[in-house]
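Asker: everything below, folded, please.
(one chain, ligands or ions: 1)
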Amino acid sequence: MTGTGNILDVQGVTKIFGGLTAVNEVTMSIPERSIVSVIGPNGAGKTTFFNMITGIYQPTRGTIRLAGRELVGMRPDQVTEAGIARTFQNIRLFSTMTSEENIMVGRHARLKSGFVDAVLRTRKFHDSEQEARDTARLMLDFVGLSKWRQELATNLPYGDQRKLEIARALATTPKLILLDEPAAGMNPRETEDLKSLIRRVRDELGVTVCLIEHDMRLVMTLSEHITVLDYGSKIAEGLPYQVRNDPRVMEAYLGRGAAAGEYGKEERPHV
Ligand SMILES: Nc1ncnc2c1ncn2[C@@H]1O[C@H](COP(=O)(O)OP(=O)(O)OP(=O)(O)O)[C@@H](O)[C@H]1O
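Answerer: The predicted model follows:
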C-alpha cells in the first residue's frame, strides 16, 4: 500500500487540448474502500479527468498513482491490469453478444491466454475460457442478472444494461472502479437499485468507487467525499453537506441556470 491509506493519488494533473485547458492542476486523493464523487457543470472536465486516469489521454502535466504506482505513460489495457476498471457515459455493450459473453470479454482483459492460444485452442485457452465463464456467472449473480445470462445484451431493460456494464468492469477484479454517470437515464426505482449495488461493490467486494454523476440526490446520499470541478479547476471538495453549502459550488451551477438545491438536475442524460 501507499502508506497514505489512499488507493489513488492525483497530483497537479492538467490536460490542454490546443488552446483549451480542459483540466487544470487538479489534485485529488481517494481513500481506499471509499465511495467518492466528482461533480461539476457540463464541460467542467470530469470525463477528461477519468480519461487521464484510465490512460485514454496522457496528461499534459501531473502524476497519477495507484497504490503508489505511477500510471502516467501506461496504455488503457495496462491501467486495467494495474487495477482500475471503468464504465462510460454512454452504454458500450456488445449488442450481438449475450450478457454472459459481454462479461467474459471483460474477464479476458485480465487473463493471460493470447491470440495464438485461441487459434490453436490450447489447454491454456480452454482453462481461461472456463475461468472467464465462471467469473461471468459469479458477476451476473452479484449484480442480480443471472436470469439474463443467455439473453442478448441489447434485449435487457435499460437499468439492467447499466448494471451489466458494471458487472463487466468488475470482472477485471479492479481495486478501483470509475463510473461515468451510472444513473443517467434511469428512473427513480432503477437509481435506488443502483445505489444499493454501488454500496455492495464497496462493502462486499472491497472495491473503491469513484463516480461522476449529475443526479445530486444520488451523489449527496452515496458519497463520502465530493470533489467539484468547474472550467477544469477544482473549486471545492469535502463532505456532501460542506459541498452543498459551498457558495463557490452554488455559483458554478447557478451561473449556468440551475435552481438552488437542485443543481445539475436539468443537465441529465445524454444517453
Ligand atoms: N478530445 C478533445 N479535444 C478537444 N477538446 C476536448 C476533448 N475532450 C474534451 N474536450 C473539451 O474539454 C472540456 C471538458 O470536457 P469534458 O467532457 O471532460 O467535461 P465533462 O465535465 O465531462 O462534461 P459533461 O458533464 O458534459 O460530460 C470541454 O470544453 C470539452 O469540449
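
Asker: tell me how far Leu71 lies from the ligand.
Answerer: Look at Leu71 and the ligand: by C-beta to the nearest ligand atom, to the nearest Å, they are 18 Å apart. To be clear about C-beta, it is placed using only N, CA and C from the backbone, and glycine gets the same treatment.

Asker: sec struct for the nearest residue to that residue once chain neighbours are set aside, please.
Answerer: Nearest residue to Leu71 in three dimensions, chain neighbours excluded: Ile64, at 4.5 Å (C-beta to C-beta, 6 or more residues apart in numbering). When classified by DSSP: H, G, I helix; E, B strand; the rest coil, Ile64 comes out as strand.

Asker: ok, Ile64 - contacts?
Answerer: Leu8, Asp9, Val10, Gln11, Val13, Met52, Ile53, Glu70, Leu71, Val72 (C-beta atoms under 8 Å, 6 or more residues apart in numbering).

Asker: try 7 Å this time
Answerer: Val10, Val13, Met52, Ile53, Leu71, Val72 (C-beta atoms under 7 Å, 6 or more residues apart in numbering).

Asker: and which of those residues is nearest Arg202?
Answerer: Ile53 (18.0 Å; C-beta to C-beta).

Asker: so what's the residue nearest to Leu71 bridging to?
Answerer: On the basis of DSSP bridges, Ile64 is bridged to Val10.

Asker: look at it and report its pLDDT.
Answerer: Looking at Ile64, its pLDDT reads 98.

Asker: Ser128 too?
Answerer: pLDDT, Ser128: 74.

Asker: follow-up on the earlier one: redo the contacts of Ile64 as a markdown table? Include pLDDT and neighbour count.
Answerer: Output for the contacts of Ile64, formatted as a markdown table (pLDDT from 0 to 100; neighbours: other C-beta atoms under 10 Å):
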| residue | pLDDT | neighbour count |
| --- | --- | --- |
| Val10 | 98 | 23 |
| Val13 | 98 | 23 |
| Met52 | 98 | 25 |
| Ile53 | 98 | 24 |
| Leu71 | 97 | 21 |
| Val72 | 97 | 15 |
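
Asker: list just the nearest of these to Asp193.
Answerer: Closest to Asp193, out of all of these and judged by C-beta to C-beta, is Ile53, at 26.4 Å.

Asker: what's near enough to touch the closest one?
Answerer: Under the criterion of C-beta under 7 Å, 6+ apart, the neighbours of Ile53 are Ile64, Leu71, Ile84, Leu178.

Asker: doesn't Leu229 make contact with Val38?
Answerer: Yes. Val38 is within contact range of Leu229, at 6.4 Å (criterion: C-beta atoms under 7 Å).

Asker: which ones among the contacts of Ile64 map onto strands?
Answerer: By the criterion of DSSP state E, membership of the contacts of Ile64 in strands covers Val10, Val13.

Asker: with respect to Ser233, which of the contacts of Ile64 is nearest?
Answerer: Val13 (11.2 Å).

Asker: circling back to that earlier point, common neighbours of Val38 and Leu229, please.
Answerer: Lys46.

Asker: and the protein, which of its residues are near the ligand?
Answerer: Phe17, Leu20, Ala22, Gly40, Asn42, Gly43, Ala44, Gly45, Lys46, Thr47, Thr48 (C-beta under 6 Å from any ligand atom).

Asker: no further queries at this time; thank you.
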